[in-house]
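Trainee: 3D model of this:
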Amino acid sequence: MTRRRPRSRTTAVCLGVTGVLAMATACGSPTAGSAGGGGGGGGGDEGSPVQVGLVTSTSGPLAAYGAQYLQGFEACLDMVTDGTGEVGGRPIEVIQRDDAGDPAKAVAEATDLIGQGVQILAGSASSGVATQVAPLAEQNDVLFISGPAATDALTGVNDNTFRSGRQTYQDVRTAESFIGDAAGKSVLVFAQDSAFGQANVAAVTAVLGDQGGATVTPLLVPASATDLTPFAAQARDAGADLTFVAWAGETAPAMWQAMGQQGVFDSTNVVTGLDLRASYPTYGDEVAGQLNFLSHFFAEAVDNEVAQGMAERVEAAGGEVDLFTPDGCTAAQMIARAVEEGGGDDVTAMIDALEGWTFDGVKGELTIREEDHALLQPMFQARLEQQGGELVPVLVDTLDPEATAPPVASS
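Mentor: So this is what the prediction gives:
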């Protein structure tokens, strides 16, 4: 990644605390009150608050993701600060805003926060939001740590942007792990003909086709389709080595039922992403037992000190650890690190503190790659099993961070 400013490197190791900020933003000129040194105000007086703007979805289609992120953030900010809410003697003042999954609203909220002097932004659940907020962070020289937003486009986009979750490339490489090396094999992408489905086709084609040597074929189903049997039959007849399913919405149960009835699971390895816990019943017992799941995270996959501390605090607050709870936790760790090492006001110093940092997170050992800010992390294979009258995720395998590490992005 081409650097636009010289930096003094630091080799200091932060023990115990870490920090994150993330948010999406669009192009725009610096706002009134924001100076070239990053966001304006704040002062940096010893003991003065460090303001963190959490712009995420608490309404709209990704509200559940935003809620999980916020629970993880609050739990782990409490954990890394030993309940004080302070880092380096400075209180962390969190300002929460709802973007409703709307990029324009997110940019407006981020712009307003920057105008108030906020120099750390975090929280984007939507990829569309994150890719709009990232340029705004660079233009105003503030720290931006995106949340669950998975788009690969954030990696290496600019010096100011980081992420606290995984990216699509890591999902696709995890799917590949079910069939080994993809070279020379056939991959079918079964998805809805929507922006979401087309993005998955593009990602699988780029990672497993262009880079991996597989033959990738899309099977896009009209979003309005109600009879899914003919499409399931096509998937069966394709006889692919791997069928990657990317599906969202209320037609999912009917889709899985059609897949089972048409014998798709007998003709190919079907892999899909493990979603929120609330989605597990939609697979049905019979289908669930035949599915392979790639997973960013589920609580049963890990049992380390950070995961235990997060879970205790989330549950004490009446919540439940789910798919994107760790993204909020990692953000809190990253923000604490940035403030502890960079002081909370010097954006260049905070960026330096995060680049190349390896730390223990909810998922295990995480590394922020210096060259492009990719977050290297373990990924998981899972299956669903009936236990006590409900479907429960079971760990099949853990992939080391290097196994799914994306190529270094260049700007």
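Trainee: poorly predicted segments of the protein, please.
Mentor: Counting by pLDDT under 70, the chain has low-confidence residues at 1-45, 411.
Trainee: domains in it, by residue range?
Mentor: Following automatic domain parsing, the chain resolves into domains at 50-166+302-376, 170-295+379-404.
Trainee: in TSV: those, plus distance to residue 410 and mean neighbour count.
Mentor: C-beta: built from backbone N, CA, C; applies to glycine. Output for those, formatted as TSV (distance: least, Cβ to Cβ, whole Å; neighbours: other Cβ atoms under 10 Å):
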stretch	distance to residue 410	mean neighbour count
domain 50-166+302-376	6	23
domain 170-295+379-404	15	18
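Trainee: which helix or which strand is home to residue 383?
Mentor: For residue 383, the enclosing helix or strand under DSSP states H and E is strand 379-387.
Trainee: ok, then the element right after that strand?
Mentor: strand 390-399.
Trainee: tell me if I'm right that residue 52 and residue 96 touch.
Mentor: No. Contact status for residue 52 versus residue 96: not in contact, 9.4 Å apart, counting by Cβ atoms under 8 Å.
Trainee: sheet-wise, list the partners of the strand holding residue 383 with their directions.
Mentor: Partners of strand 379-387 in the sheet, by DSSP bridges, are strand 292-295 (antiparallel), strand 390-399 (antiparallel).
Trainee: phi and psi next, for the closest residue to residue 270 other than its chain neighbours.
Mentor: The spatially closest residue to residue 270, leaving aside those adjacent along the chain, is residue 243, at 4.8 Å (Cβ to Cβ, 6 or more residues apart in numbering). Main-chain torsions, residue 243, degrees, to the nearest 10: phi -110, psi 110.
Trainee: then residue 51?
Mentor: Here is the backbone geometry of residue 51 (degrees, to the nearest 10): phi -90, psi 130.
Trainee: who does it bridge with?
Mentor: Beta-bridge partners, per DSSP bridges, of residue 51: residue 93.
Trainee: from one end of stretch 348-364 to the other, what's the distance?
Mentor: Stretch 348-364 stretches 27 Å from its first residue to its last (Cα to Cα, to the nearest Å).
Trainee: look up how far residue 137 lies from residue 157.
Mentor: Using Cβ to Cβ, to the nearest Å, residue 157 is found at 9 Å from residue 137.
Trainee: oops, could you answer that again for residue 259 instead?
Mentor: Residue 259 sits 42 Å away from residue 137, going by Cβ to Cβ.
Trainee: repeat for residue 316
Mentor: Going from residue 316 to residue 137 by Cβ to Cβ gives 33 Å.
Trainee: also residue 323?
Mentor: Computed as Cβ to Cβ, the residue 323 to residue 137 distance reads 25 Å.
Trainee: lovely, talk soon.
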